[in-house]
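*Asks:* heads up, no residue letters with this:
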């Protein structure tokens, strides 16, 4: 069975988990976008100043490189490891959902603020500098969250004394796999997205 077929089967076997986690992410996305409307004037001005400063620096020289790559890798690794750890606990499911919600909320807020403050330019900036890496991050985040939720359910439902070692090893190996996969998104965030943004600056 090919990797694509395995993935399709995995999604089919866990469709309810994907529906729930996908909805949690979408709710976070919408609420993050709506939060922009309720920002106080001082906070809005401060955030707008940060964006303007970033764009001015980007006009002088493209903002990309190892520093951004390491920062992106660190951020994504924290999320992946946090979800892995929460999957090891029998009470981790709501906290995993909270992590997914917060990622959606942060993305919705970022895009919403850019569009509100920059109008059409904000839409273009979102498409060129935020969308590319999130085309990698979001599907991987949802798949990894489903795997962690399933492992947590496994811990809840397994018989006392049942062997745990092999399942735990497989789960931990998947942690390493997802860390590598998220690296692809980090490279896009550090090099490709800044290059796209430099085209419109």
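*Replies:* Received, thanks. If you're wondering where the values come from, they're calculated on a predicted model, not measured in any experiment. Residues are numbered from 1 along each chain as shown.
*Asks:* next SSE after the helix or strand hosting residue 133?
*Replies:* Counting by DSSP states H and E, the element that carries residue 133 is helix 131-157. The helix or strand immediately downstream of helix 131-157 is helix 165-187, counting by DSSP H and E.
*Asks:* what angle do helix 131-157 and that next one make with each other?
*Replies:* Here helix 165-187 runs at an angle of 170 degrees relative to helix 131-157 (axes from the mean of the first three to the mean of the last three C-alpha atoms, to 10 degrees).
*Asks:* elements contacting helix 165-187?
*Replies:* Where contact means 3 or more C-beta pairs under 8 Å, 6 or more residues apart in numbering; DSSP states H and E, helix 165-187 is packed against helix 66-87, helix 131-157. Bear in mind the C-beta positions are built from the backbone N, C-alpha and C, glycine included.
*Asks:* still on that earlier bit, give me the buried positions along the helix holding residue 133.
*Replies:* The neighbour-count check on helix 131-157 (16 or more other C-beta atoms under 10 Å) flags 131-134, 136-138, 140-152, 154-155 as buried.
*Asks:* same check, this time on stretch 74-92
*Replies:* By 16+ other C-beta under 10 Å, the buried positions in stretch 74-92 come out as 76-77, 79-80, 83-84, 86-87, 92.
*Asks:* what do you get for stretch 101-117?
*Replies:* 101, 103-105, 107-115.
*Asks:* of these, which belong to helices?
*Replies:* Among those, the ones falling in helices (DSSP state H) are 101, 103-105, 107-115.
*Asks:* between these, which is nearest residue 3?
*Replies:* residue 103 (24.8 Å; C-beta to C-beta).
*Asks:* tell me the spacing between that closest one and residue 116.
*Replies:* 20 Å (C-beta to C-beta, to the nearest Å).
*Asks:* kindly report the same for residue 18.
*Replies:* Distance, residue 18 to residue 116, by C-beta to C-beta: 31 Å.
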